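[1] With the sequence up front, the predicted model follows.
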Amino acid sequence: MSSEPVFVLPGDRLDPDLIPSHPKKPLRLGPGLRHVPPNDILPTLAGQLVTDRPKNAIRVETSQGRYVPRVGELVIGTVQKSAADVYYVSLSDYTTPVLLPQLAFESATKKTRPILAAGALVYARVSMANKHMDAEVECFNSSTGKADGMGPLTGGMLFNISLGMSRRLMMPKSVQEGKIVVLEELGALGLHFETATGRNGRFWVDSESTKTVIAVGRAIQDTDEKLLDAEDQKKLVRRIIKELS
(Lines give C-alpha, C1' and ligand atoms only; values in the text may rest on other atoms or scores of the structure.)
Protein backbone atom coordinates (compact mmCIF):
# COMPACT_ATOMS: atom_id res chain seq x y z
CA MET A 1 0.00 0.00 0.00
CA SER A 2 1.16 3.51 -0.74
CA SER A 3 2.34 5.50 2.27
CA GLU A 4 0.05 8.31 1.15
CA PRO A 5 -3.63 7.66 1.92
CA VAL A 6 -5.71 7.19 -1.24
CA PHE A 7 -9.30 8.42 -1.10
CA VAL A 8 -11.83 7.35 -3.71
CA LEU A 9 -15.33 8.32 -4.81
CA PRO A 10 -18.03 6.08 -6.30
CA GLY A 11 -17.21 5.30 -9.93
CA ASP A 12 -13.55 6.38 -9.74
CA ARG A 13 -11.12 4.51 -11.95
CA LEU A 14 -8.49 2.82 -9.79
CA ASP A 15 -4.82 3.03 -10.67
CA PRO A 16 -3.79 -0.57 -11.49
CA ASP A 17 -0.76 -0.16 -9.20
CA LEU A 18 -3.17 0.12 -6.24
CA ILE A 19 -4.74 -3.27 -6.91
CA PRO A 20 -2.82 -6.21 -5.36
CA SER A 21 -1.80 -8.99 -7.75
CA HIS A 22 -0.61 -12.02 -5.79
CA PRO A 23 0.51 -14.75 -8.22
CA LYS A 24 -1.19 -17.59 -6.31
CA LYS A 25 -4.08 -16.02 -4.38
CA PRO A 26 -7.40 -14.86 -5.83
CA LEU A 27 -8.19 -11.15 -5.49
CA ARG A 28 -10.59 -10.54 -2.60
CA LEU A 29 -12.87 -7.52 -2.89
CA GLY A 30 -14.10 -6.12 0.40
CA PRO A 31 -16.85 -3.61 1.19
CA GLY A 32 -17.17 -0.61 -1.09
CA LEU A 33 -15.90 -2.24 -4.30
CA ARG A 34 -17.49 -4.17 -7.16
CA HIS A 35 -16.16 -5.99 -10.18
CA VAL A 36 -17.35 -4.72 -13.57
CA PRO A 37 -16.55 -7.31 -16.26
CA PRO A 38 -14.21 -7.88 -17.78
CA ASN A 39 -11.46 -6.24 -15.72
CA ASP A 40 -12.67 -3.07 -14.02
CA ILE A 41 -12.96 -2.64 -10.24
CA LEU A 42 -15.00 0.37 -9.21
CA PRO A 43 -15.65 1.94 -5.80
CA THR A 44 -19.28 2.06 -4.70
CA LEU A 45 -18.56 4.12 -1.58
CA ALA A 46 -16.56 7.24 -0.79
CA GLY A 47 -13.67 6.58 1.55
CA GLN A 48 -10.08 5.47 1.92
CA LEU A 49 -8.77 2.65 -0.24
CA VAL A 50 -7.19 -0.04 1.96
CA THR A 51 -4.96 -2.68 0.39
CA ASP A 52 -3.75 -5.86 2.11
CA ARG A 53 -1.20 -7.27 -0.31
CA PRO A 54 -0.25 -10.41 1.70
CA LYS A 55 -3.93 -11.44 1.65
CA ASN A 56 -4.44 -10.10 -1.90
CA ALA A 57 -7.40 -8.09 -0.60
CA ILE A 58 -8.68 -4.58 -1.14
CA ARG A 59 -11.60 -2.59 0.31
CA VAL A 60 -12.94 0.92 0.80
CA GLU A 61 -13.11 2.11 4.36
CA THR A 62 -15.51 4.86 5.32
CA SER A 63 -15.22 6.98 8.44
CA GLN A 64 -18.83 6.32 9.28
CA GLY A 65 -20.85 3.15 9.44
CA ARG A 66 -21.02 0.10 11.65
CA TYR A 67 -17.96 -1.84 12.71
CA VAL A 68 -17.84 -5.38 11.36
CA PRO A 69 -15.49 -7.68 13.35
CA ARG A 70 -12.61 -9.22 11.43
CA VAL A 71 -10.36 -11.95 12.83
CA GLY A 72 -7.12 -10.60 14.23
CA GLU A 73 -8.27 -7.02 14.79
CA LEU A 74 -7.74 -5.39 18.18
CA VAL A 75 -10.89 -3.89 19.70
CA ILE A 76 -12.04 -2.18 22.88
CA GLY A 77 -15.24 -3.67 24.24
CA THR A 78 -17.65 -2.91 27.05
CA VAL A 79 -18.91 -5.81 29.15
CA GLN A 80 -22.71 -5.94 29.09
CA LYS A 81 -23.35 -9.01 31.22
CA SER A 82 -21.88 -12.37 32.16
CA ALA A 83 -23.20 -15.89 31.68
CA ALA A 84 -21.93 -19.27 32.84
CA ASP A 85 -18.71 -19.32 30.84
CA VAL A 86 -18.69 -16.13 28.78
CA TYR A 87 -19.02 -12.38 28.93
CA TYR A 88 -21.26 -10.57 26.48
CA VAL A 89 -19.25 -7.64 25.16
CA SER A 90 -20.46 -4.66 23.13
CA LEU A 91 -18.11 -3.40 20.39
CA SER A 92 -20.45 -0.74 18.98
CA ASP A 93 -23.89 0.70 19.55
CA TYR A 94 -26.95 -1.11 18.21
CA THR A 95 -25.06 -4.25 17.20
CA THR A 96 -25.10 -7.80 18.53
CA PRO A 97 -22.60 -8.28 21.38
CA VAL A 98 -19.61 -10.55 20.87
CA LEU A 99 -18.63 -13.38 23.19
CA LEU A 100 -15.57 -13.29 25.45
CA PRO A 101 -14.86 -16.68 27.09
CA GLN A 102 -14.13 -16.14 30.77
CA LEU A 103 -10.95 -18.20 30.49
CA ALA A 104 -9.63 -16.24 27.46
CA PHE A 105 -7.13 -14.29 29.58
CA GLU A 106 -3.46 -14.90 30.34
CA SER A 107 -3.04 -17.78 32.82
CA ALA A 108 -6.78 -17.75 33.59
CA THR A 109 -8.35 -20.64 35.48
CA LYS A 110 -11.79 -20.90 37.05
CA LYS A 111 -10.24 -19.63 40.29
CA THR A 112 -7.99 -16.90 38.87
CA ARG A 113 -10.07 -15.54 35.97
CA PRO A 114 -10.88 -11.83 36.20
CA ILE A 115 -14.34 -10.96 37.49
CA LEU A 116 -15.72 -8.24 35.25
CA ALA A 117 -18.84 -6.25 36.08
CA ALA A 118 -21.18 -4.67 33.56
CA GLY A 119 -19.53 -1.55 32.17
CA ALA A 120 -15.96 -2.87 32.48
CA LEU A 121 -13.70 -2.25 29.49
CA VAL A 122 -11.49 -4.87 27.85
CA TYR A 123 -8.80 -4.68 25.18
CA ALA A 124 -9.19 -7.78 23.07
CA ARG A 125 -8.50 -9.43 19.73
CA VAL A 126 -11.22 -10.82 17.47
CA SER A 127 -10.67 -14.58 17.43
CA MET A 128 -13.69 -15.72 15.42
CA ALA A 129 -15.96 -13.86 13.01
CA ASN A 130 -18.37 -15.27 10.47
CA LYS A 131 -21.94 -14.45 9.51
CA HIS A 132 -23.35 -17.74 10.80
CA MET A 133 -22.16 -17.51 14.43
CA ASP A 134 -21.66 -14.90 17.14
CA ALA A 135 -18.24 -13.30 16.89
CA GLU A 136 -15.75 -14.07 19.67
CA VAL A 137 -12.86 -12.13 21.18
CA GLU A 138 -9.99 -13.09 23.46
CA CYS A 139 -7.77 -11.13 25.84
CA PHE A 140 -4.56 -13.05 25.26
CA ASN A 141 -2.42 -14.36 22.43
CA SER A 142 -3.71 -17.90 21.99
CA SER A 143 -0.47 -19.02 20.32
CA THR A 144 1.79 -17.89 23.20
CA GLY A 145 -0.59 -17.72 26.15
CA LYS A 146 0.64 -14.19 26.91
CA ALA A 147 -1.51 -11.10 27.33
CA ASP A 148 0.52 -9.00 24.86
CA GLY A 149 -1.07 -5.84 26.24
CA MET A 150 -4.61 -7.18 26.14
CA GLY A 151 -6.95 -7.56 29.10
CA PRO A 152 -9.12 -5.36 31.33
CA LEU A 153 -8.67 -1.59 30.97
CA THR A 154 -8.95 -0.05 34.42
CA GLY A 155 -9.46 3.65 35.04
CA GLY A 156 -9.15 6.15 32.25
CA MET A 157 -11.87 7.30 29.89
CA LEU A 158 -13.29 6.00 26.61
CA PHE A 159 -13.79 8.23 23.56
CA ASN A 160 -15.64 7.48 20.34
CA ILE A 161 -13.78 8.12 17.08
CA SER A 162 -14.39 7.23 13.44
CA LEU A 163 -13.35 3.88 12.01
CA GLY A 164 -10.99 5.73 9.69
CA MET A 165 -9.26 7.46 12.60
CA SER A 166 -8.92 4.12 14.39
CA ARG A 167 -7.13 2.66 11.40
CA ARG A 168 -4.80 5.65 11.13
CA LEU A 169 -3.89 5.51 14.83
CA MET A 170 -3.17 1.78 14.60
CA MET A 171 -0.81 2.01 11.64
CA PRO A 172 2.74 0.86 12.51
CA LYS A 173 3.90 4.36 11.55
CA SER A 174 0.91 6.44 12.57
CA VAL A 175 2.85 9.70 12.24
CA GLN A 176 4.28 9.09 8.76
CA GLU A 177 1.49 6.97 7.25
CA GLY A 178 -1.54 8.01 9.25
CA LYS A 179 -0.56 11.70 9.44
CA ILE A 180 -1.41 11.74 13.17
CA VAL A 181 1.12 13.86 15.08
CA VAL A 182 -1.07 15.10 17.91
CA LEU A 183 -0.18 12.34 20.41
CA GLU A 184 3.55 12.62 19.76
CA GLU A 185 3.36 16.41 20.13
CA LEU A 186 1.42 16.21 23.41
CA GLY A 187 3.96 13.77 24.84
CA ALA A 188 6.91 15.87 23.68
CA LEU A 189 5.49 18.89 25.51
CA GLY A 190 5.34 17.10 28.84
CA LEU A 191 1.96 15.37 29.12
CA HIS A 192 2.09 11.84 30.57
CA PHE A 193 -0.62 9.45 29.45
CA GLU A 194 -1.36 5.94 28.21
CA THR A 195 -3.62 5.10 25.30
CA ALA A 196 -5.23 2.12 23.59
CA THR A 197 -7.02 2.17 20.25
CA GLY A 198 -9.71 -0.27 19.17
CA ARG A 199 -10.34 -0.97 15.51
CA ASN A 200 -14.05 -0.55 16.32
CA GLY A 201 -13.86 3.24 16.72
CA ARG A 202 -12.92 3.36 20.39
CA PHE A 203 -10.00 5.29 21.93
CA TRP A 204 -9.05 4.90 25.60
CA VAL A 205 -6.86 7.31 27.56
CA ASP A 206 -5.50 7.03 31.09
CA SER A 207 -3.37 9.43 33.14
CA GLU A 208 -2.84 10.49 36.73
CA SER A 209 -4.39 13.82 35.68
CA THR A 210 -8.08 13.87 34.72
CA LYS A 211 -7.46 17.11 32.82
CA THR A 212 -4.82 15.35 30.73
CA VAL A 213 -7.18 12.45 29.97
CA ILE A 214 -9.88 14.82 28.72
CA ALA A 215 -7.39 16.97 26.79
CA VAL A 216 -5.87 13.99 24.95
CA GLY A 217 -9.24 12.45 24.13
CA ARG A 218 -10.68 15.69 22.83
CA ALA A 219 -7.53 16.39 20.81
CA ILE A 220 -7.97 13.09 18.96
CA GLN A 221 -11.68 13.73 18.45
CA ASP A 222 -11.02 17.24 17.13
CA THR A 223 -8.34 15.95 14.77
CA ASP A 224 -10.79 13.33 13.54
CA GLU A 225 -13.92 15.45 13.19
CA LYS A 226 -12.23 18.55 11.75
CA LEU A 227 -9.87 16.60 9.47
CA LEU A 228 -6.86 18.50 10.83
CA ASP A 229 -3.59 18.22 8.94
CA ALA A 230 -0.23 17.96 10.72
CA GLU A 231 0.26 21.71 11.06
CA ASP A 232 -3.23 22.26 12.44
CA GLN A 233 -2.67 19.42 14.90
CA LYS A 234 0.44 21.19 16.19
CA LYS A 235 -1.55 24.41 16.63
CA LEU A 236 -4.20 22.46 18.52
CA VAL A 237 -1.56 20.99 20.82
CA ARG A 238 -0.07 24.41 21.58
CA ARG A 239 -3.54 25.68 22.49
CA ILE A 240 -4.17 22.67 24.74
CA ILE A 241 -0.86 23.08 26.56
CA LYS A 242 -1.60 26.77 27.09
CA GLU A 243 -5.03 25.94 28.56
CA LEU A 244 -3.55 23.35 30.91
CA SER A 245 -0.70 25.53 32.16
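    Looks like it came in fine.

[2] How about the contacts made by the most centrally placed residue in the chain?
    Note on the chain: the residue nearest the mean C-alpha position is Arg199, at 1.7 Å, using CA atoms, centre = their mean. Going by CB atoms under 8 Å, 6 or more residues apart in numbering, Arg199 touches Tyr67, Arg70, Glu73, Leu74, Val75, Leu163, Ser166, Arg167, Met170. The C-beta positions use only the backbone N, C-alpha and C, and glycine is treated the same way.

[3] Got the phi and psi for it?
    phi -60, psi -10 (degrees, to the nearest 10).

[4] Chain neighbours aside, what residue packs nearest to it?
    What sits nearest to Arg199 in space, not counting adjacent residues and going by CB to CB, 6 or more residues apart in numbering, is Glu73, at 4.2 Å.

[5] same deal with Ala147?
    Glu106 (4.0 Å).

[6] pretty sure that neighbour contacts Thr144?
    No - shown here, Glu106 and Thr144 do not form a contact pair, counting by CB atoms under 8 Å, at 9.3 Å.

[7] Mind checking which of the two has more residues around it?
    Between Glu106 and Thr144, Glu106 has the larger neighbour count (other CB atoms under 10 Å), namely 16 against 9.

[8] Tell me the secondary structure of the nearest residue to Leu103 once chain neighbours are set aside, please.
    Distances taken as CB to CB, 6+ apart put Arg113 closest to Leu103, at 5.9 Å, once the chain neighbours are dropped. Put simply, Arg113 is coil when judged by DSSP: H, G, I helix; E, B strand; the rest coil.

[9] again with Asp222
    Asp222 - assigned by three-state DSSP - is helix.

[10] Kindly report the same for Lys146.
    coil.

[11] got a list of what it touches?
    Residues in contact with Lys146 (CB under 8 Å, 6+ apart) are Glu106, Phe140.

[12] which sections of the chain are below the confidence cut-off?
    For the chain, the stretches with pLDDT under 70 are 1-5, 46, 62-65.

[13] Please report how far the most far-flung residue of it relative to its centre lies from Gln80.
    Ranked by distance from the centre of the chain (CA atoms, centre = their mean), the top residue is Pro38, with 34.7 Å. According to CB to CB, to the nearest Å, Pro38 stands 48 Å off from Gln80.

[14] Next: Glu184.
    From Glu184 to Gln80 the distance is 35 Å (CB to CB).

[15] just to revisit the earlier point, tabulate the contacts of Arg199 (TSV), appending neighbour count, secondary structure and distance to Arg28.
    Formatted as TSV, these follow (neighbours: other CB atoms under 10 Å; DSSP: H, G, I helix; E, B strand; the rest coil; distance: CB to CB, whole Å):
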residue	neighbour count	secondary structure	distance to Arg28
Tyr67	18	coil	19
Arg70	12	coil	12
Glu73	20	coil	16
Leu74	19	strand	21
Val75	26	strand	21
Leu163	21	helix	19
Ser166	24	helix	21
Arg167	20	helix	18
Met170	14	coil	21
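
[16] Out of the residues you listed, which is nearest to Gln48?
    Of all the contacts of Arg199, the one with the least separation from Gln48 (CB to CB) is Arg167, at 7.7 Å.

[17] Are we agreed that the residue farthest from the centre of the chain is in a strand?
    No - counting by three-state DSSP, Pro38 is not found in a strand; it is coil.

[18] Going forward, count from 272.
    OK, 272 is where the count begins now, so the last one is Pro309.

[19] Now it: phi and psi?
    Torsion angles, degrees, to the nearest 10, at Pro309: phi -90, psi -30.

[20] what's the answer for Asn431, then?
    phi -90, psi 130.

[21] Can you report how many residues lie near the spatially closest residue to it that is not a sequence neighbour?
    Once flanking residues are discounted, Asn431 sits nearest to Gly472: 6.1 Å by CB to CB, 6+ apart. For Gly472, the count of nearby residues is 26 (other CB under 10 Å).
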